[in-house]
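Q: sequence first, predicted coordinates after that:
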Amino acid sequence: MIVKELLRKKLKAALEECRAAGTLVSAEFPPVVIEIPADPAHGDFATNVAMQLARSEKKAPRVVAAVICDQLAASVDIFEKLDIAGPGFINFRLKPGFWQGLISGMLSAGDSYGHSATGAGRKVQVEFVSANPTGPLHIGHGRGAAIGDTLCRLFAATGWDVSREFYYNDAGQQIANLARSVQSRCLGIEPGDPTWPEDGYQGEYIVELARAYLAGESVTADGKVVTASKDPQDLDGIRCFAVAALRREQDLDLQAFDVSFDNYFLESSLYSDGLVESAVQRIIAKGHTYEQDGALWLKTTDFGDDKDRVMRKSDGGYTYFVPDVAYHLNKWERGFVRVVNEQGADHHSTITRVRAGLQALDAGIPLGWPEYLLHQMVTVMRGGEEVKISKRAGSYVTLRDLIDEVGRDATRYFFLMRKPDSQLVFDIDLAKDQSSDNPVYYVQYAHARICRIFESAAEGNLSAAADQAALLVTVEELDIIRKCAAFPEMVEAAAVNFEPHRITTFLHELAALLHCFYNRHRVLGDDRNLTEARLYLLAAVRQVIANGLALLGVSAPERM
RNA sequence: GUCCCCGUAGCUCAGCAGGAUAGAGCACUUCCCUCCUAAGGAAGGGGUCGGACGUUCGAAUCGUCUCGGGGACGCCA
């Protein structure tokens, strides 16, 4: 139960009662907003509804507030204090018993505390990472993987039926370039040589691929085994081998990052299954195209673009967004009422084109479908300087480099600390720091600390006791309960707004409250009842921290 | 030129479907372990919320303009 929601209902009911009694006369009431005041002295919650009503009531805000307060005080008994403050705020302070009573619900919900049924089992697909198999995953993919994975976890936690999808191109220009690059290495050609392919891939991994190919190795990827033919002239064979090997590498990277997918979708299948051609024909039939300069154009300006775009080039090939449209039509036909594409912000210009293409299909697809979550760039800092070079990839920092150096938990946490809209500076020194300066450890330590207390408690045959909850009356204890009680709405907001960073922020705040409490009060003390009450509280905190970390895909260690 | 994101403490960033003295971490100055892990806590200094105008009882939050920084604008993918 979300406490704010409860209050909102009580307040709405009180307004209606006032109207029935004639003490309020407004024809309509504004949406009731309940907020948590910045200054805790103002109470647990506050509402501005009296100020909003002042105009239609033709009374001073504080007078309106008094009317509402009287009604609330008469009909609801959860308030310890109700008062009117400032220009007309109504401040609420709930009885300690109300807060103490919330703990049992947190513990009985257990691992699902904070979850909701908002999604009502509807299907949502999240497409993320979607890296082409032309090299190891880089740090930008890492951010996308962390954000996309956590978004999936958030959707699952809020009642959606989530499907995780990874889309890649195994046959385009970039792949041909990859094959040529590996072939060149097989033939002993190096970057800089006259015959080295233009824009060839130069990373060390290309050398490794050539070596493996010539050695006749076998790789397994996406359920298929590919064995190298060893023949440097077999460009197609090299392509298949290189793609399989890099897909496998990427899978290992993702596995190390604890990110998994339900479905891998190949761009080539769109062509082989005729989906591109049928989508194009359908758009033509709907009259949204024209021929000009030997090319086929889509009138994207009919759908908000600033100029029309070429669909089929004069050489007969399709431009890159066409298979994307066919792909998304396929997603729609698979029954996903919601689709979220998590991508780097540098792909932002494709959004208008894909949506325009989908509208041109006239397939009943809603205007804002699919949704997009774009993340900004990542820069990596070490020793106060930007890191740009990877030993493996040559020109960029790989996800694997990061995971190997700072660990999975810290890598994920750091990627999720900032809102996707903000550019991210990844400080390797801080991420590796095994101290409280490191926000990951700070949160994990709070969890481990509680676990340790429970171990000590067990040795003294002490355990949490719900019936002593009334003893939890200090500021620190009530602050903790209030924070834990706000967890479900935070999860909801993080899911609705695609904002995983709300979770890291929340966890850091909760951990701070826990550490503060720990330093001011002794849990295992002489007073057995109080000890059991505090253990009861800590059990809830441990659960909330564990649940929050689970949403991030970060471990909750019992010992550190 | 058009579009998107960002601009809040020295640094990295929260806060932004408007609300009551603007927050955290790092860095800096002090202090707290005979006691459940000091990977912790307490206290302190540090701000024209890029700027201007507007809407409002009230703006870091909304609108317009403007100045910075980043990204995207292809018959490349």
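A: Noted; the coordinates are in hand.
Q: low-confidence ranges, chain A, go.
A: Scanning chain A for pLDDT under 70 picks out the ranges A:1, A:435-436.
Q: and the helix or strand where A:Ala14 lies, does that touch RNA strand B?
A: For A:Ala14, the element it lies in under DSSP states H and E is helix A:3-21. No: judged by CB under 7 Å from any atom of the strand, helix A:3-21 makes no contact with RNA strand B; its nearest approach is 9.0 Å. No exception for glycine: its C-beta is placed from N, CA and C like everyone else's.
Q: ok, now stretch A:447-464?
A: Yes: Stretch A:447-464 comes into contact with RNA strand B (CB under 7 Å from any atom of the strand), by way of A:448-449, A:451-453, A:455-456.
Q: now for the closest residue in space to A:Ala539 that isn't next to it in sequence: which residues touch it?
A: Take A:Ala539 and drop its neighbours on the chain: the residue closest to it by CB to CB, 6 or more residues apart in numbering is A:Ala464, 4.8 Å away. A:Ala464 is in contact with A:532, A:535-536, A:538-539, counting by CB atoms under 8 Å, 6 or more residues apart in numbering.
Q: what of A:Trp196?
A: Counting by CB under 8 Å, 6+ apart, A:Trp196 has contacts A:184, A:189-190.
Q: quick one: which of those residues is most hemmed in?
A: Using other CB atoms under 10 Å as the neighbour criterion, A:Ser184 leads the contacts of A:Trp196 with 21 neighbours.
Q: all helices of the stretch 101-250 of chain A, in order?
A: Assigned by DSSP state H, counting those that start in this stretch, the helices in the stretch 101-250 of chain A fall at A:103-109, A:139-157, A:173-186, A:204-214, A:235-256.
Q: can you list those helices in JSON lines and add distance to A:Arg164?
A: As requested, the helices of the stretch 101-250 of chain A are exported to JSON lines (distance: least, CB to CB, whole Å):
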{"stretch": "helix A:103-109", "distance to A:Arg164": "25"}
{"stretch": "helix A:139-157", "distance to A:Arg164": "5"}
{"stretch": "helix A:173-186", "distance to A:Arg164": "23"}
{"stretch": "helix A:204-214", "distance to A:Arg164": "26"}
{"stretch": "helix A:235-256", "distance to A:Arg164": "11"}
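Q: RNA strand B is nearest to which of the ones you listed?
A: Nearest of those to RNA strand B, taken as CB to the nearest atom of the strand: helix A:173-186 at 4.2 Å.
Q: and that closest one, what does it pack onto?
A: In terms of contacts (3 or more CB pairs under 8 Å, 6 or more residues apart in numbering; DSSP states H and E), helix A:173-186 is packed against helix A:204-214, helix A:235-256.
Q: export those helices to JSON lines and tack on mean neighbour count and distance to A:Ala493?
A: Shown next, in JSON lines, are the helices and strands packed on helix A:173-186 (neighbours: other CB atoms under 10 Å; distance: least, CB to CB, whole Å):
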{"stretch": "helix A:204-214", "mean neighbour count": "19", "distance to A:Ala493": "41"}
{"stretch": "helix A:235-256", "mean neighbour count": "20", "distance to A:Ala493": "28"}
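Q: confirm that A:Pro557 sits in a strand.
A: No: using DSSP: H, G, I helix; E, B strand; the rest coil, the assignment for A:Pro557 is coil, not a strand.
Q: could you count how many residues lie near it?
A: As a measure of burial, A:Pro557 has 14 neighbours, counting by other CB under 10 Å.
Q: next, it: phi, psi?
A: In terms of degrees, to the nearest 10, the main-chain angles of A:Pro557 are phi -70, psi 150.
Q: before we move on, what about A:Ser463?
A: Given degrees, to the nearest 10, the pair of backbone angles that A:Ser463 has is phi -150, psi 170.
Q: tell me who's in contact with A:Arg502.
A: A:Arg502 neighbours (CB under 8 Å, 6+ apart): A:490, A:493-494.
Q: of the residues you listed, which is the most crowded?
A: Of the contacts of A:Arg502, A:Ala494 is surrounded by the most neighbours, 25 neighbours in total, counting by other CB under 10 Å.
Q: re earlier: write the ChimeraX selection for whichever of the residues of stretch A:447-464 next to RNA strand B are buried.
A: The following ChimeraX line selects those of the residues of stretch A:447-464 next to RNA strand B that are buried, judged by 16 or more other CB atoms under 10 Å:
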select /A:448,449,451,453
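Q: coming back round to it: need the contacts of A:Trp196 in CSV with distance to A:Asp70, can you?
A: Below are the contacts of A:Trp196 laid out as CSV (distance: CB to CB, whole Å):
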residue, distance to A:Asp70
A:Ser184, 84
A:Ile189, 87
A:Glu190, 85
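Q: confirm A:Phe506 sits in a helix?
A: Yes: applying three-state DSSP, one finds A:Phe506 inside a helix.
Q: between the helices of the stretch 101-250 of chain A, which gets nearest to A:Arg353?
A: Nearest to A:Arg353, of all those, is helix A:173-186, at 18.5 Å by CB to CB.
Q: CSV for the contacts of A:Trp196, including distance to RNA strand B?
A: Rendered in CSV, the data for the contacts of A:Trp196 read as follows (distance: CB to the nearest atom of the strand, whole Å):
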residue, distance to RNA strand B
A:Ser184, 20
A:Ile189, 23
A:Glu190, 24
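Q: closest to A:Asp293 among those residues?
A: The closest of those, once distances to A:Asp293 are taken by CB to CB, is A:Ser184, at 35.6 Å.
Q: residues contacting the closest one?
A: If you count contacts by CB under 8 Å, 6+ apart, then A:Ser184 has A:190, A:193, A:195-197, A:200 around it.
Q: need the residues of the stretch 151-300 of chain A near RNA strand B, please.
A: So the stretch 151-300 of chain A meets RNA strand B at A:169, A:172-174, A:292-295 (CB under 7 Å from any atom of the strand).
Q: out of those, who has the most neighbours?
A: A:Asn169 (20 neighbours).
Q: surely it and A:Ser269 touch.
A: No: in this structure A:Asn169 lies outside contact range of A:Ser269 using CB atoms under 8 Å: 10.6 Å.
Q: residues shared between the contacts of these two?
A: Counting by CB under 8 Å, 6+ apart, nothing touches both A:Asn169 and A:Ser269.
Q: so where's the longest helix in chain A?
A: helix A:528-552 (DSSP state H).
Q: mind checking how far it is from the chain centre?
A: The chain centre lies 24 Å from the centre of helix A:528-552; the measure is CA atoms, centre = their mean, to the nearest Å.
Q: what angle sits between that helix and helix A:139-157?
A: On the basis of axes from the mean of the first three to the mean of the last three CA atoms, to 10 degrees, helix A:528-552 is oriented at 120 degrees to helix A:139-157.
Q: which helices and strands does helix A:528-552 pack with?
A: Applying 3+ CB pairs under 8 Å, 6+ apart, one finds that helix A:528-552 contacts helix A:103-109, helix A:139-157, helix A:408-416, helix A:439-459, helix A:475-485, helix A:487-496, helix A:501-520.
Q: what is the nearest of the residues of the stretch 151-300 of chain A next to RNA strand B to RNA strand B?
A: Once CB to the nearest atom of the strand is applied, the member of those that ends up nearest RNA strand B is A:Asp293, at 2.7 Å.
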